[in-house]
Structures are given as C-alpha cells and as structure tokens.
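> Next input, structure requested:
(one chain, ligands or ions: 2)
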Amino acid sequence: MPDIDQYIESNASRFEEELCEFLRIPSISADAGHKEDMIRAAEWVAGQFRRLKLSPEIIPTAGHPMVYAETPTVSGAPTALVYGHYDVQPVEPLDKWISPPFEPTRREGNIVARGATDDKGQLLTHLKGLEAWMEVEGRLPINLKYIIEGEEEVGSAGLEKFIAEHSDKLACNCVVISDGSQFAPGMPAVTRGLRGIAYYELRVNGPNRDLHSGSFGGSVTNPINALASILNGLIDKDGRVTLPGFYDDVVELTDRERKELAALPFDEKEYFAQVGVDGAIGEAGYTALERRWARPTFDCCGIWGGYQGEGAKTVLPSTAAAKISFRLVPNQNPAKISAALRTRLAELTPPGVKIEVIDFHGAPGVLIPPDSPYVEAAARAIEYAFGRRPVFTREGGSIPIVTTFHQKLGADALLIGWGQDDDNTHSPNEKFSLADFHRGIRASAKLWEELAQIQL
Ligand code: BES
Ligand code: ZN
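Ligands and ions are numbered 1, 2, ... in the order given. Here you go, the predicted model:
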C-alpha cells in the first residue's frame, strides 16, 4: 500500500493538529455542565465523515448523542463495525496536571490531555485509516460502519438501547475497537479478554443529626465506623470477595492460559515500582497479572463523611457513603452480583445504621476466541505497522458494549489498543504516544485491506 502509506506520512502533522482540536473539546460525559461540549464533540466527529463526502447521522439518546456513518457498499466483502467513544472522564484532581487537561501539549513524544489515549487519539486512528483510503483510492476494499458514542465512561445506556431497537443497522462480521493498551512499548497486543463491572453507591445513615462524639460516641453507632467495617467485610483474609456465590460462575484460567500469561515478560517488582508501591495484597494463589486480568475484585472508588475541614472537630456524623465496584470476569452476571451484594450487606450492617444501595452501571466480562480469521487479519495489520507480531493479552478494564455486540450482533470484537499501561487513563496527565498514534493509523489502513481478504 505504498500510496496509502505515503499519504499517511505526508499528512502526519495535520493529523496531530486535528487530534489537538478534538482534545480541546471538554467532552466529560459524567458532568451535566458539559452537555453542549458533548454535542460539539459529536459534531466534530461527524465533520470527519462529511469531509470524505460520507453522510454521518447524529443520533440523539436520552443522554449524549452518537455518531453513525457507513461507507459505500462493496458487495461480497466483509463488514466491520468500528466502535469508539468521544466522551472522557472527569479531570479532577486539577492541581495534579502539569498542563491544563483540555490544552493538549506535546511532551517527550506524547500528547498530554484528557482523552488523549482514552479514547479520542485511538479512535481517530480509524478515522484517518478511512481517510487515507478514500483520498488515495476513492473507495474502500470492505464495508465499514462507524458507531461513535458519548456515554462509554458512564455505562453506554444510549447505545445499549439503540442496539436493542436497531440491530440491523449495525449488522457486521466483526467489531474493531482501539480503546486499550499494548502489552508494553514496542510490544503490540491483541486483547482476548476484558473484565466486566458492577458499580454502586453505598449510603450509611445513622442518627438524625450530627452528634457530639464525646457525649454520644460509643453509645450510638458511628456511620463512618460502620461503613469501614462493612467494606472490610466484603473481602476476607485471603483477598477473596465474600458475597454469597460470588465465585460460582467464574471461568477459571486454564493451565494453558496460566502458562501463556507467565510467559509474558512481566516483572512484578517493576510493575509495583512504576506505580510507586513496594508490594501489594490480593487474592491468594494468583500472580499480579492474573489478578489484574482474569480474577474478579472489589474496590472502593470513593468514600466520604464527617469532618474534612482544617484542624480537629469532635463529631459523630449522621451519614457516610462510598462508591464501590466489583470487576467481574467472563460468565459472572452483574444482576446476580447486585442481589448477592444486598444479601451480604444485610449480614454486615450493624444495628443503629440503615444502608441504602444505588445501582450504577453493570457489564459482564468478555472472552474472545483466539483463532478466528479476523484476529489473524488484525495480527497481520499490526505486524505491518508496528514491526512486530502482537502478543495475546487480556485487560482488567471494561468496555461494557462489547458483550452486547457479541450477543445482539453475533460479532466478536477485535480489541487492538494502541495505548500503554502508563498512559494515565482516568488520572491526571493522561497521554498518548504520537509514534503509536501514527502507527495506529497505518495499522488501521492495513486492517481494511487484510479484512477484505477474508472469504465469507
Ligand atoms: N478504555 C477503557 C477501558 C479499558 C481500560 C480498556 C483499561 C483496557 C484497559 C474505557 O474507556 C473505560 O474506562 N471503561 C470503564 C467502563 C465503566 C465506566 C463502565 C472502566 O473500565 O472503568
Ligand atoms: Zn475510560
């Protein structure tokens, strides 16, 4: 594909400029104050298709709009559905950013901004892989459909509903997603598995008002103390989650998979050093990589209550609360987890407080068969662009809609992330390597050619 590669090379700096333009839109889906920015970001994506003379649709949802576009029909050729998300996570804590989150900055070969890797930069590679074909050849060798949503970071409710009602429109042979990581720098990967998630807010309500902790402490249950002991009771001394039946549906790692994971060049000490810790606790009997990718977990994502101001205030607060999540593995069912959580909380809640559970998003885990022609096509495209055959990995994160694609469209996902583990996703100073951005574009353009070879 010399002409296409040449086009990608000679337009590289414009592609970076466009990435920066996209990153300047503060499309934070969780924050209602950014509703207009969400529309602007959707419009920006639609503009990418319009410049190629395609006719994108902006599809409204109860939340943020989605963008849909498709290329002219190539009969007899496979159809790939490209999925990505233009929404980003909140940016707090702001004071930890070296440069403002929505002022993209080049630093050490990376672009630093919220959304750089998750997912605007990665998503853009597939828009540019499309552009290269359209501008150079005037056509694609396969059928492409794009569905770009604005609610991934808040659970994908709008897209879920859309697929339930319009699965025909998205019918495809495979789904292409770049919203994850390579295994390491210079080690691209095809991701075979994602964890699922079940997310809740827990509220603990105690006395009808804040009380003097001297006058009342020890005689009235303190909601913060109660919350601490409840959270502690959700994991046992071996690091196992204590919800009834929690492990019943878990698909265990096979010996072969454990060997494959162990064969990846992963140094636990280096891994801990990278995040600045000197060790960790976790589920007994599993390596750090197994715990991350293939074991279910419990984490508290936020906790509050009581006095947080300067100095000391002796108070027994009336309420406390936490945001908690379980990461799930394939075959665990989020609805069953919700029921089991309520059962377990009833056991753990001491007298004197009442507990309230609010359900947020839930999604099952995903496991993708390794030996499909689509995976092989992706491996070839990656090798072409990155100069090395990909390794097979899993990821600890979740992309809720992938299961729905599988169940409702009967299509498996090609999870080909161009990011790195240390890209600071969801955290301050998110970044994306510009070299990987350009390699990703080349791999995308090559992928369309490779997929076109597949006999249906
Ligand atoms: N890009 C991530 C998913 C991801 C994370 C893939 C890490 C590979 C490694 C995605 O945008 C994300 O953050 N998903 C959320 C989903 C949740 C809000 C339902 C997640 O995993 O927390
Ligand atoms: Zn994310």
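
> The stretch 351-456 of the chain: helices as residue ranges?
All helices of the stretch 351-456 of the chain, identified by DSSP state H, counting those that start in this stretch, fall at 373-386, 401-404, 434-452.

> Pull out the CA atoms of the second one and give them to me as PDB.
Which is helix 401-404. Output in PDB follows, covering the C-alpha atoms of helix 401-404 (Å, rounded to 0.1, in the frame of the first residue of the first chain):
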ATOM      1  CA  ILE A 401     -20.900  -2.600  25.000                       C
ATOM      2  CA  VAL A 402     -18.600  -5.400  23.700                       C
ATOM      3  CA  THR A 403     -20.800  -8.100  25.200                       C
ATOM      4  CA  THR A 404     -23.900  -6.500  23.600                       C
END
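
> Which strands or helices does that helix pack on?
Helices and strands touching helix 401-404, by 3 or more Cβ pairs under 8 Å, 6 or more residues apart in numbering; DSSP states H and E, are helix 157-165. Every residue, glycine included, has its C-beta placed from N, CA and C.

> Quick check: mean pLDDT of the helix it packs on?
The average pLDDT within helix 157-165 is 96.

> next one: stretch 230-244
Computed over stretch 230-244, the mean pLDDT rounds to 98.

> Looking only at it, what residues are buried by neighbour count?
Buried residues in stretch 230-244, defined by neighbour count with 16 or more other Cβ atoms under 10 Å: 230-231, 234-235, 239-241, 243.

> how about CSV for these, with distance to ligand 1 and secondary structure added?
Below are these laid out as CSV (distance: Cβ to the nearest ligand atom, whole Å; DSSP: H, G, I helix; E, B strand; the rest coil):
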residue, distance to ligand 1, secondary structure
I230, 23, helix
L231, 19, helix
L234, 19, coil
I235, 19, strand
G239, 21, coil
R240, 22, coil
V241, 18, strand
L243, 19, coil
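
> Can you add distance to V357 and give the residues you listed back as TSV?
Shown next, in TSV, are the buried residues of stretch 230-244 (distance: Cβ to Cβ, whole Å):
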residue	distance to V357
I230	11
L231	13
L234	12
I235	18
G239	23
R240	21
V241	16
L243	12
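
> helix or strand for W304, which one?
strand 297-305 (DSSP states H and E).

> Go ahead and name everything in contact with that strand.
Counting contacts by Cβ atoms under 8 Å, 6 or more residues apart in numbering, the residues outside strand 297-305 that touch it are 199, 204, 223-224, 227, 231, 234-235, 241, 282-283, 291, 317, 319-327.

> What are the buried residues along that strand?
Those would be 297-298, 305, for strand 297-305 by 16+ other Cβ under 10 Å.

> E257: what's it in contact with?
By Cβ under 8 Å, 6+ apart, the residues touching E257 are A294.

> any idea how far it lies from A263?
According to Cβ to Cβ, to the nearest Å, E257 and A263 sit 11 Å apart.

> try D37
44 Å.

> So the two - more neighbours on which side?
Set D37 next to A263 and count neighbours by other Cβ atoms under 10 Å: D37 wins out with 21 against 9.

> can you list the residues of this protein near ligand 1?
Residues of the chain lying close to ligand 1 by Cβ under 6 Å from any ligand atom are 118-119, 152-153, 155, 179-181, 197, 361, 363, 395, 397-400.

> Do you know the pLDDT at H361?
84.

> Now do the same contact list for the closest residue in space to it that isn't next to it in sequence.
For H361, ignoring the flanking residues on the chain, the nearest one in space by Cβ to Cβ, 6 or more residues apart in numbering is G155 at 3.1 Å. Counting by Cβ under 8 Å, 6+ apart, G155 makes contact with 360-363, 400.

> Quick check on G155: phi, psi?
phi 110, psi 0 (degrees, to the nearest 10).

> Next one: it relative to L345, how far apart?
Taking Cβ to Cβ, one finds G155 at 22 Å from L345.

> which residues are contacting stretch 61-70?
29, 35, 38-39, 42, 45-46, 49, 54-59, 86-87, 143-151, 154, 157-159, 161-162, 169.

> quick revisit: put together CSV for the buried residues of strand 297-305, with pLDDT and distance to P390 on each row.
Formatted as CSV, those follow (pLDDT from 0 to 100; distance: Cβ to Cβ, whole Å):
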residue, pLDDT, distance to P390
T297, 98, 26
F298, 98, 31
G305, 98, 46
